[in-house]
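> Predicted model and sequence follow; I will ask about them next.
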Number of protein chains: 2
Amino acid sequence: MKNANIQRMTDQRRVILDEIRDTKSHPTADDLYRVVRKRLPKISLGTVYRNLDILTNAGLINKLDFGSGQSRYDANLSEHYHLRCVECNRVVDVMDMPPIHYDRTVLSQTAFEIIGHNLEFVGICPDCRQKLSDTSDTSE
Amino acid sequence: MKNANIQRMTDQRRVILDEIRDTKSHPTADDLYRVVRKRLPKISLGTVYRNLDILTNAGLINKLDFGSGQSRYDANLSEHYHLRCVECNRVVDVMDMPPIHYDRTVLSQTAFEIIGHNLEFVGICPDCRQKLSDTSDTSE
DNA sequence: TTATTTATTTATAATGATTACGATTTAGAA
DNA sequence: TTCTAAATCGTAATCATTATAAATAAATAA
Ligand SMILES: [Mn+2]
Ligand SMILES: [Mn+2]
Ligand SMILES: [Zn+2]
Ligand SMILES: [Zn+2]
């Protein structure tokens, strides 16, 4: 039930959309608040949240909900999964991953109407791997 | 880095573990607070949260983090996925689902060290499907 | 262009989930 | 039984997000 169109295009909305389209970092609302504020110093955090919600409902961006902490947003609308570092929470794309196959008969045991699925990979990014080996080797 | 053992077995901890093992409903901390309080009326919600965390770190239960709202806990340690109703947030098990296969070469594009993955199915449970068709048919 | 109408914004307060605090109690070792 | 670190309780604090209400501004009509 996605609302296809946006009602009004305000400066705030335009800049938010512009900034999120300009990054591959899957920023949080707070991340975007920081960068957007450079161009619109008077914008409020609530406006960022509200617009991210509106843009998500309009299908212009996707909201990524991981376990805990802040949600992240992604202007990359192509089908792809994500890989998150458990140490620093960095999120990167996993492209070219075939959509997972699930046997409808297996799921039909539940009598649910299946809408879709969420898949997230977890791991440790190169930077954090480096840091971890630095600290664990000299002592202990 | 899971801590294998529990240090002390208090009444509170025992009852919490007992109750979560007694259900297949994937209860929230608040759900457990309600049922545990019938046996230990003086227990505090903080104690429930703290013990769920300790039991999770000890590997005796699993914490399930979905997008938003409260976390859920599961004493079923066997490998299985979950299916959640987007309407009422009910969570049921998806047993006998083959672990998803991901090509390490695809993921190696990221240079992450892969630890694992989270997979959740979303859908609409039979009860909610019924309710939705009830309300949408008579009018409009 | 100017007026009108609402959606939107801002600043701030409120909420919901979870974690932290400090005084008191207690499990389990000695 | 004594001792002490771990755990508990009640409460306060924190974090992410949503709600409120007065002021502003985008789109439309006059
Ligand atoms: Mn992405
Ligand atoms: Mn389960
Ligand atoms: Zn990292
Ligand atoms: Zn349901």
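Sure, I can see it. From a predicted model like this one, the values you see are computed outputs, not experimental measurements. Ligands and ions are numbered 1, 2, ... in the order given.
> Counting residues, which strand of chain A comes out longest?
Counting residues, the longest strand found in chain A (DSSP state E) is strand A:113-124.
> can it be found next to ligand 4?
No: judged by CB under 5 Å from the ion, strand A:113-124 stays clear of ligand 4, getting no closer than 10.0 Å. (Glycine included, C-beta is placed from N, CA and C.)
> and that strand with strand B:113-124, angle?
160 degrees (axes from the mean of the first three to the mean of the last three CA atoms, to 10 degrees).
> Output the contacting helices and strands for strand A:113-124.
Using 3 or more CB pairs under 8 Å, 6 or more residues apart in numbering or on different chains; DSSP states H and E as the contact definition, the elements that strand A:113-124 packs against are strand A:81-85, strand B:113-124.
> Including distance to residue A:58, could those strands go into a markdown table?
A markdown table is the format used below for those (distance: least, CB to CB, whole Å):
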| stretch | distance to residue A:58 |
| --- | --- |
| strand A:81-85 | 21 |
| strand B:113-124 | 21 |
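> Lowest average pLDDT across the ones you listed?
Note on the helices and strands packed on strand A:113-124: lowest mean pLDDT is at strand B:113-124, with a mean of 90.
> near ligand 3 at all, that one?
No: Strand B:113-124 lies out of reach of ligand 3 by CB under 5 Å from the ion, never closer than 10.0 Å.
> What strands flank that strand, and is each parallel or antiparallel?
strand A:113-124 (antiparallel), strand B:81-85 (parallel) (DSSP bridges).
> can you list contacts of that strand?
With contacts defined as CB atoms under 8 Å, 6 or more residues apart in numbering or on different chains, strand B:113-124 is touched by A:67, A:83, A:86, A:100, A:102, A:107, A:110, A:112-124, A:129, B:65-66, B:81-87, B:94, B:100, B:102, B:104, B:107, B:132.
> Identify the residues contacting the helix or strand following it?
Following strand B:113-124 in sequence order, the next helix or strand is helix B:126-137 (DSSP states H and E). For helix B:126-137, contacts defined as CB under 8 Å, 6+ apart pick out A:111-113, B:85, B:87-88, B:90, B:124.
> so can I have CSV of the residues you listed showing neighbour count and distance to residue A:29?
Below are those laid out as CSV (neighbours: other CB atoms under 10 Å in any protein chain shown; distance: CB to CB, whole Å):
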residue, neighbour count, distance to residue A:29
A:111, 12, 37
A:112, 22, 31
A:113, 15, 31
B:85, 21, 27
B:87, 14, 26
B:88, 12, 27
B:90, 17, 28
B:124, 19, 28
